[in-house]
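Participant: give me a 3D structure for the following:
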Amino acid sequence: MIHNHSPQTERLPRGSYPAMLTAFQDDGQIDWEGVDRLTDYCIDHGAAGIFACGGSAEVSEMDDEEIGALGERIVRQAAGRVPVVVAAITSGPVDRQAALVRRMHDAGADAVAISVCQLAREDEDDQQWVAHAESLLEKVSAETRLSMYECPWPYHRLLTLETLRWAVGTGRFHFLKDTSCSMPTIRGRLAVLGDTPLQLLNAHTGTLLASLQAGADGFCGIGANYMPELYAWLCQNYSSKPEQAAALQDYLTSTVPWTESPDYPASAKEYLRQQGLAIGPYSRKQPGGLSAKGAAHLAKMRAQETEWLERVLA
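Facilitator: So this is what the prediction gives:
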């Protein structure tokens, strides 16, 4: 397998990495052609890269075989056009986790993300987390560029600065999907990371602009599944067009109650369907579909997005 990524010392491109959805058929099976269309949509609408097989992909409703096949499909469809960071989220012993990491690496993923909370139980401390992580590293090729994802499921575990320093010291980690939603935490982490190969991408819309200004490398969150071009624009232009960036940040923050509502990810699929993307509405997390109130808010948001695109892309 020939990998698309650069040498280990090189960094992934800055920008927006949508936390990609999964398309399903009406019977709940994965719609593989829909997955291809979602992959192309991310790339065609400004993504610097793709974050695949995370929580937004509904992997909590999949087994390891489905997750592996999904990651392989997205890497194949991306075909090197942008980097693909594939999450290998599974439970159970380290051997099982390592097997999924190896499968994603062998598929050609540019980096493979481990879920921070999968490496230790909620009652285990940092020392035990590091011990489990070291065991995983021993079972995974040193050529594998690893990533860390502070996945909120099944419980939300945030990295401490000491654990982050350990990760930097290994030289094995290259991407952190930060879900702290806290600028003091992000600033502390960026100070630890410095100019090392480990990059921080913020998953939280509300702190996005501030995190970019502080030195974060981009966005990796839910909002980019609805309005990928606006998030890509903000990541690319926050410094050169500060007034527009501040206004856009305010708008994106105002949409969070709807983009991250209990209807998600069904809401994001419906939003993309309204944009003309040929995917089905089915969500394993919300088999009943989107509420009428939610659909009305999506229509309003779509009109506002159009106005914003005209403003920033003019």
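
Participant: show me the helices in this structure, by range?
Facilitator: Using DSSP state H, the helices assigned to the chain run over residues 32-44, 64-78, 94-106, 126-138, 161-170, 183-193, 208-214, 228-237, 242-259, 266-274, 292-313.

Participant: in the shortest one, what's buried?
Facilitator: Same thing as helix 208-214. Neighbour-count burial for helix 208-214, counted by 16 or more other C-beta atoms under 10 Å, picks out 208-212, 214. Quick note: C-beta positions are derived from backbone N, CA and C, even for glycine.

Participant: picking that back up, any chance of the helices of the chain in a markdown table with mean pLDDT and distance to M148 as columns?
Facilitator: Compiled in a markdown table, the helices of the chain are given as follows (pLDDT from 0 to 100; distance: least, C-beta to C-beta, whole Å):
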| stretch | mean pLDDT | distance to M148 |
| --- | --- | --- |
| helix 32-44 | 98 | 21 |
| helix 64-78 | 98 | 17 |
| helix 94-106 | 97 | 12 |
| helix 126-138 | 98 | 9 |
| helix 161-170 | 98 | 7 |
| helix 183-193 | 98 | 11 |
| helix 208-214 | 99 | 16 |
| helix 228-237 | 98 | 20 |
| helix 242-259 | 97 | 24 |
| helix 266-274 | 95 | 24 |
| helix 292-313 | 92 | 31 |
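
Participant: need the ones you listed in a markdown table with distance to A120, can you?
Facilitator: Shown next, in a markdown table, are the helices of the chain (distance: least, C-beta to C-beta, whole Å):
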| stretch | distance to A120 |
| --- | --- |
| helix 32-44 | 31 |
| helix 64-78 | 20 |
| helix 94-106 | 11 |
| helix 126-138 | 4 |
| helix 161-170 | 10 |
| helix 183-193 | 19 |
| helix 208-214 | 26 |
| helix 228-237 | 32 |
| helix 242-259 | 30 |
| helix 266-274 | 30 |
| helix 292-313 | 36 |
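
Participant: wait, which of the ones you listed is closest to A113?
Facilitator: For A113, the closest of the helices of the chain is helix 94-106, at 8.7 Å, according to C-beta to C-beta.

Participant: in that closest one, what counts as buried?
Facilitator: Neighbour-count burial for helix 94-106 [16+ other C-beta under 10 Å]: 94, 97-105.

Participant: of all these, which comes closest to Q304?
Facilitator: M104 (36.7 Å).

Participant: roughly how far apart are the closest one and L209?
Facilitator: 32 Å (C-beta to C-beta, to the nearest Å).

Participant: so how far is S283 from the residue lying closest to K285 once chain neighbours are set aside?
Facilitator: Of all residues not flanking K285 in the chain, E58 sits nearest, at 5.6 Å (C-beta to C-beta, 6 or more residues apart in numbering). Note on E58: its distance to S283, by C-beta to C-beta, is 7 Å.

Participant: shouldn't E66 be in contact with W32?
Facilitator: No. Counting by C-beta atoms under 8 Å, W32 is not a contact partner of E66; they are 11.2 Å apart.

Participant: quick one, what contacts the nearest residue to G15 once chain neighbours are set aside?
Facilitator: Of all residues not flanking G15 in the chain, A48 sits nearest, at 2.6 Å (C-beta to C-beta, 6+ apart). Applying C-beta atoms under 8 Å, 6 or more residues apart in numbering to A48 gives the contacts 12-17, 82-83, 218, 232, 235.
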